[in-house]
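Q: sequence? don't have it. structure:
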């Protein structure tokens, strides 16, 4: 079975600072990888996904992620944090022909003014 | 532009009671699923369906039943609620065909079992 590890359950950055949220996965086959964002009391919204095309994936709200096969990583970055980025972020890997998403434990991003 | 709609949004149950969480999607997606979200554990798959009349178990199916009689609807039934089923439940759907197709989530249903 595949697994996803998100390092750091809580990350705090200052407004304008770089955002880096870490995700490592284990997979025996080429993976499909996703980042979702969840705002308080809401569902999950897709930020971006990797489907074996370009290794650098750009998403919504200025986020991007780079797939590194040698490191089995798919870290999420944003050059400059905004207060509105405060939310919980989930990394996920698709398996079973896409019928199951395996999620990491989530990282809560806090943005300080 | 409804997408994935879940009802109810909030529910309190007593131990042993039964209830059904409703899920409907208007995107004509073949695939539908139910996840539960617990602190620090991300989301875990309960059951999924790849079309009407077809269902399968996910990672944590015990205590839950599903059926899929139409493409649009995928209800989740708790036959005898337990405190361990206190959680936030999310319904999701996607087009089948490509494993990388985006999964769309509903707004969630907060369930408390006392």
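A: Looks like it came in fine. Just so we're clear, the structure is a prediction, and the values are computed from it rather than from any experiment.

Q: List, one by one, the residues from chain A near chain B.
A: A:4, A:9, A:32, A:34, A:36, A:41-46, A:49, A:51-52, A:90, A:92, A:94, A:97-101, A:103-106 (CB under 8 Å from any CB of the partner chain). Quick note: C-beta positions are derived from backbone N, CA and C, even for glycine.

Q: Narrow these to those that are buried.
A: Listed as buried from the residues of chain A next to chain B are A:4, A:32, A:34, A:36, A:43-44, A:46, A:49, A:51, A:90, A:92, A:94, A:98-101, A:103-106; burial here means 16 or more other CB atoms under 10 Å in any protein chain shown.

Q: Which strand or helix spans the nearest residue to residue A:99 once chain neighbours are set aside?
A: Distance criterion CB to CB, 6 or more residues apart in numbering or on different chains; nearest residue to residue A:99, sequence neighbours excluded, is residue B:48 at 5.6 Å. Assigned by DSSP states H and E, residue B:48 belongs to strand B:43-51.

Q: Double-check that residue B:16 belongs to a strand.
A: No - with DSSP: H, G, I helix; E, B strand; the rest coil as the criterion, residue B:16 is assigned coil and is not in a strand.

Q: do you know how far it is from residue B:79?
A: Residue B:16 sits at a distance of 10 Å from residue B:79 (criterion: CB to CB, to the nearest Å).

Q: contacting residues around residue B:48?
A: Residue B:48 makes contact with A:99, A:100, B:31, B:32, B:33, B:34, B:55, B:56, B:58 under the criterion CB atoms under 8 Å, 6 or more residues apart in numbering or on different chains.

Q: cool, and residue B:51?
A: B:30, B:31, B:68, B:71, B:96.

Q: ditto for residue B:32
A: Residue B:32 makes contact with B:23, B:25, B:48, B:49, B:68, B:74, B:91, B:92, B:93 under the criterion CB under 8 Å, 6+ apart.

Q: nearest spatial neighbour of it, skipping sequence neighbours?
A: Nearest in space to residue B:32, with sequence neighbours left out and distances taken as CB to CB, 6+ apart, is residue B:74 at 4.0 Å.

Q: doesn't residue B:65 make contact with the one you found?
A: No - because the distance of 11.6 Å does not satisfy CB atoms under 8 Å, residue B:74 is recorded as not touching residue B:65.

Q: does any part of the helix or strand hosting residue B:21 sit near chain A?
A: Applying DSSP H and E as the criterion places residue B:21 in strand B:19-25. No - among the residues of strand B:19-25, none lie within reach of chain A under CB under 8 Å from any CB; the closest is 11.7 Å away.
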